[in-house]
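Peer 1: Mind looking at a prediction? Sequence and model below.
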There are 4 protein chains.
Amino acid sequence: MDELENDGTAITAKSGRKLDESRDAVILDAALDVLAETGYAGMTMTLVAAKAKAGKGAMYRRWASKEELVIDAVAHMGRRDVDVDALPDTGTLRGDILAMFRPESIEMADRRLRILAGLVSMAAVHEGVGEAVTDANVGEWITANRFLIQRAIDRGEGRPSANADALARVIPAICAARSGLERKPITAEFITALLDDVLLPAVLARP
Amino acid sequence: MDELENDGTAITAKSGRKLDESRDAVILDAALDVLAETGYAGMTMTLVAAKAKAGKGAMYRRWASKEELVIDAVAHMGRRDVDVDALPDTGTLRGDILAMFRPESIEMADRRLRILAGLVSMAAVHEGVGEAVTDANVGEWITANRFLIQRAIDRGEGRPSANADALARVIPAICAARSGLERKPITAEFITALLDDVLLPAVLARP
Amino acid sequence: MDELENDGTAITAKSGRKLDESRDAVILDAALDVLAETGYAGMTMTLVAAKAKAGKGAMYRRWASKEELVIDAVAHMGRRDVDVDALPDTGTLRGDILAMFRPESIEMADRRLRILAGLVSMAAVHEGVGEAVTDANVGEWITANRFLIQRAIDRGEGRPSANADALARVIPAICAARSGLERKPITAEFITALLDDVLLPAVLARP
Amino acid sequence: MDELENDGTAITAKSGRKLDESRDAVILDAALDVLAETGYAGMTMTLVAAKAKAGKGAMYRRWASKEELVIDAVAHMGRRDVDVDALPDTGTLRGDILAMFRPESIEMADRRLRILAGLVSMAAVHEGVGEAVTDANVGEWITANRFLIQRAIDRGEGRPSANADALARVIPAICAARSGLERKPITAEFITALLDDVLLPAVLARP
DNA sequence: CGATAAACGAGACGGTACGTCGCGTCTTCTG
DNA sequence: CAGAAGACGCGACGTACCGTCTCGTTTATCG
């Protein structure tokens, strides 16, 4: 959220003690812990404060509300389930996408999607929340998919008329639905099946 | 909800005044009204009771909590956005799926998915809730899709190896993700694009 | 309560089943039981109904409210702690008053006063309730005292100027205060002390 | 209430914000206001909170229930109907007791006893409540009476065998019974009559 | 005697107060 | 002055009770 757009060299030279920035991460971690354990409704600010050995004042000095704290916490989750900076190049779209996940990546995506599910109802009320949370969590995944699919099209593996943008969302969206609505886990088998049954046919189709 | 697993031949022959079943629908309707107006967080039991001219006692006699009431309310929403009993048969899968929606159906699906989004976080806490809500809301849609896709496969329009079950979930899942996560509306154009860019290629693909 | 002032030859000749008068006593007894166990606030109509194996309908057909039921219950308590019809005549006021109590009478008066205490707050709200309840419970006691004191005056034992009416209330009032306010039990010793320290001096005083 | 038996040297050195003791009196005053206006049954915690501009949390942090709040409120009523610190010395017991009341004192005692009556039923359920409330309300009155009576005995005005302790309770107890049970007001005439008909004869009696 | 009106036990109904708990703010004390 | 602790105002939750109404059954009275 960074609601203050605080750029290091703040113009208003505040006097007095500065916010202890090391507390931020502690509080955010505590919030994620509680969120994962009890869900959004069960997460209370007092409980997070206790787990972080912090006071509620320190929390509200940083985030204006429970919702902003949660959003920030989710947005700052480690994003290492997909290594966007070093996408694989195996020669086939199937190989690329399967190689994109490191061994523990799928488990990570599963946990991430579970937390995400707990926040959807919040998005219904707060403008822009859904976008921020989605971007932080599945945005990179979609971007990576789009890159791999477009490359497959470009090298002639996929049909020329394929819409890389639409197709890039297929797997994340279906995973999100499975996790959030059906409450079933995301596994390597599930993703492989999606790939073979839905994505690859749609990309490679020759009408 | 049927929280009691009532097996037809009820053992406990209750005496005294019976639950007035006509109150159920009145309360559920009032809950849906308030839910649509104010969202989940803004919906108070007292307000629903007032709108339904009911007492809180009558509500808690039927549903153990606000959450169960909401789930039941959503589960019993009118399900007429897809007419499952009279599926079209236009000769092509594309025609079938487009014909499946009556003029107002897409708008209905959009509203339904918006409400659904507000409940996903509850599913994170309550076992089995996600399934119930999903079944009630997108279950028939998926079933209809599966039927149409399987028929297309059977008549040789789709590739024989196509997995009708997995493919049937594609459009609902992507619509749910768009509505719940991206907070963008579901339109006829969006569905048509999904159909042409994703579903049809995947079903018809000749590798 | 007899809220209908029903004079035998009712004008509206009701057809159908009559009220089962035997239920009255059962319900009143149950009410007294619960009243003694849990106090006025803890006495619920549902609990009384359960204890009397009655329905709430049968209760509200007889008494318009919980308060009227309680008043009637208290008014119909057995009044045999003081035998008003056969007052003793021992020759002295002291002997008369001590003889007025049968062995178990003091314990009875104690229980009666405890219940009475639970109703005083009700009297604060309902006009005339205090009078009815008091009459039913200490009225006879005062009447008996007044008779004995007046007789003592008349035979020259008490001073001629003594006010029998005021003096008759002394012991009941102090007992009520001890029971209701101090929550201490009424015992034979306490009454004897009251008699010797307060009442007899006041009656017999020769200024 | 001091429900914690707090021994001066508190062990638990609490950190954090302290209870704002100034809120106690505000809430108690509001409770007395509502109590006087609507009676015990009509007094709601929400109404008291609103009148005190307080939250229910602040109230329940101090008193465990409505009843304890009411008891404390009554116990802390201004006690200036009898000026215990400057008891009169007119030379006769009659003069002393009549002088003990300032002009408005009797009206005050009357109001106090009316509120007290509303709480007696609570005393029936809550251990020790009756004592606390009684002490706070009639305790000083009794103490003053005892002092005046004992002084009259000591100077030879009263009979040497008079029991000052028992006699000191006579007038307060009879006033409480008149107010609580008979629902009649306490007036100067009534107290004077009591004094002349009961107390003085009992104290001065020469058998 | 058979019909019927009403009382019966049981308990659901609308309404309302209670006591709990969470949010976001404010206050106290310590470092 | 930031930070921990926690009290503050506010208001929703879920429970319990009152007095009424409805259910299906039983029983007294009348035609």
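Peer 2: Ah, there it is.
Peer 1: In chain A, what helix or strand scores lowest on average pLDDT?
Peer 2: The helix or strand of chain A with the poorest confidence is helix A:120-125; it has a mean of 58 (mean pLDDT, DSSP states H and E).
Peer 1: and chain A, which residues reach DNA strand E?
Peer 2: Proximity of chain A to DNA strand E, by Cβ under 7 Å from any atom of the strand, involves residues A:17, A:43-46, A:56-57, A:60, A:64-67. Every residue, glycine included, has its C-beta placed from N, CA and C.
Peer 1: Which residues does stretch A:190-203 contact?
Peer 2: Residues outside stretch A:190-203 that contact it (Cβ atoms under 8 Å, 6 or more residues apart in numbering or on different chains): A:93-94, A:97-98, A:101, A:106, A:149, A:152-153, A:157-159, A:162, A:167, A:170-171, A:174-175, A:178, B:159, B:162-163, B:166-167, B:170, B:197-199, B:201-203, B:205, B:207.
Peer 1: Kindly list the longest helix within chain A.
Peer 2: Criterion DSSP state H: the longest helix present in chain A is helix A:22-42.
Peer 1: Contacts for the next helix or strand after it, please.
Peer 2: Along the chain past helix A:22-42, the next helix or strand (assigned with DSSP states H and E) turns out to be helix A:45-51. Residues from elsewhere that reach helix A:45-51, judged by Cβ under 8 Å, 6+ apart: A:27, A:30-31, A:33-34, A:38, A:54-56, A:58-59, A:66, A:69.
Peer 1: any low-confidence regions in chain A?
Peer 2: For chain A, the stretches with pLDDT under 70 are A:1-17, A:78-85, A:103, A:118-132, A:206-207.
Peer 1: Pop the domain breakdown of it in here.
Peer 2: Using automatic domain parsing, the domain parsing of chain A gives A:3-76, A:79-203.
Peer 1: In contact with the residue nearest the centre of chain A, which residues?
Peer 2: Geometric centre of chain A, nearest residue: residue A:137, 1.1 Å, by Cα atoms, centre = their mean. Applying Cβ under 8 Å, 6+ apart to residue A:137 gives the contacts A:74, A:77, A:112-113, A:116.
Peer 1: quick revisit: near chain B, list only the ones from the contacts of helix A:45-51.
Peer 2: The overlap between the contacts of helix A:45-51 and the neighbours of chain B (Cβ under 8 Å from any Cβ of the partner chain) comes to residue A:38.
Peer 1: Of the contacts of helix A:45-51, grab the buried ones for ChimeraX.
Peer 2: This is the ChimeraX syntax for the buried subset of those, where burial follows 16 or more other Cβ atoms under 10 Å in any protein chain shown:
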select /A:27,30,31,33,34,54,58,59,66,69
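Peer 1: Ramachandran angles for the closest residue to chain D within chain A?
Peer 2: Closest residue of chain A to chain D, Cβ to the nearest Cβ: residue A:55 (8.7 Å). Dihedral pair for residue A:55: phi -100, psi 160, per degrees, to the nearest 10.
Peer 1: related to what we said a few turns ago, is there a quick PyMOL command that grabs whichever of the contacts of stretch A:190-203 are buried?
Peer 2: Selecting the buried subset of the contacts of stretch A:190-203 in PyMOL, with 16+ other Cβ under 10 Å as the burial test, is done by:
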select buried, (chain A and resi 93+94+97+101+106+149+152+153+157+158+159+162+167+170+171+174+175+178) or (chain B and resi 159+162+163+166+167+170+197+198+199+201+202+203+205)
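Peer 1: Dump the contacts of helix A:45-51 into CSV; add distance to residue B:88 as well.
Peer 2: Formatted as CSV, those follow (distance: Cβ to Cβ, whole Å):
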residue, distance to residue B:88
A:27, 55
A:30, 54
A:31, 49
A:33, 51
A:34, 49
A:38, 46
A:54, 60
A:55, 62
A:56, 58
A:58, 60
A:59, 55
A:66, 48
A:69, 49
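Peer 1: What about DNA strand F: which of the contacts of helix A:45-51 touch it?
Peer 2: Restricting the contacts of helix A:45-51 to those touching DNA strand F (Cβ under 7 Å from any atom of the strand) yields A:54-56, A:58.
Peer 1: can you tell me which of these are in helices?
Peer 2: Those of these mapping onto helices are A:56, A:58, per DSSP H.
Peer 1: Return the member of the ones next to DNA strand F among the contacts of helix A:45-51 nearest to residue A:189.
Peer 2: When those are ranked by distance to residue A:189 (Cβ to Cβ), residue A:54 comes first, at 41.6 Å.
Peer 1: For that closest one, which non-adjacent residue is closest in space?
Peer 2: Excluding its sequence neighbours, the residue lying closest to residue A:54 (Cβ to Cβ, 6 or more residues apart in numbering or on different chains) is residue A:27, at 5.6 Å.
Peer 1: Check residue A:94 too.
Peer 2: Closest residue in space to residue A:94, ignoring its immediate chain neighbours: residue A:200 at 6.0 Å, by Cβ to Cβ, 6+ apart.
Peer 1: Check which helix or strand the one you found maps to.
Peer 2: Here residue A:200 is assigned to helix A:200-204, by DSSP H and E.
Peer 1: give the contact list for the residue of chain A closest to chain D.
Peer 2: By Cβ under 8 Å, 6+ apart, the residues touching residue A:55 are residue A:49.
Peer 1: do residue A:29 as well
Peer 2: Shown in contact with residue A:29 (Cβ under 8 Å, 6+ apart): residue A:52.
Peer 1: at 6 Å instead, please
Peer 2: Applying Cβ atoms under 6 Å, 6 or more residues apart in numbering or on different chains to residue A:29 gives no contacts.
Peer 1: Isn't residue A:180 up against residue A:114?
Peer 2: No. Applying Cβ atoms under 6 Å as the test, residue A:180 and residue A:114 come out as separate, 8.1 Å apart.
Peer 1: Comparing those two, which residue is more hemmed in?
Peer 2: Taking neighbours as other Cβ atoms under 10 Å in any protein chain shown, residue A:180 and residue A:114 compare with residue A:180 leading, 28 against 18.
Peer 1: burial measure for the closest residue to that one other than its chain neighbours, as a count.
Peer 2: Spatial nearest neighbour of residue A:180, excluding adjacent residues (Cβ to Cβ, 6+ apart): residue A:117 at 3.6 Å. By other Cβ under 10 Å, 25 other residues sit near residue A:117.
Peer 1: you'd agree residue A:117 is up against residue A:182?
Peer 2: No. Look at residue A:117 against residue A:182 with Cβ under 6 Å: they stay out of range, at 10.4 Å.
Peer 1: give me every residue that touches the residue lying closest to residue A:31 once chain neighbours are set aside.
Peer 2: The shortest distance from residue A:31 to any non-neighbouring residue, by Cβ to Cβ, 6+ apart, is to residue A:73 (4.3 Å). By Cβ under 6 Å, 6+ apart, the contact list for residue A:73 reads A:28, A:31-32.
Peer 1: if we go to 10 Å?
Peer 2: Listed by Cβ atoms under 10 Å, 6 or more residues apart in numbering or on different chains, the contact partners of residue A:73 are A:27-35, A:43, A:48, A:63, A:115, A:119.
Peer 1: Next, the angle from the helix or strand harbouring it to helix A:22-42.
Peer 2: Assigned by DSSP H and E, residue A:73 belongs to helix A:66-75. Helix A:66-75 runs at 110 degrees relative to helix A:22-42, counting by axes from the mean of the first three to the mean of the last three Cα atoms, to 10 degrees.
Peer 1: buried stuff in helix A:66-75?
Peer 2: By neighbour count on 16+ other Cβ under 10 Å, the buried set for helix A:66-75 is A:66-75.
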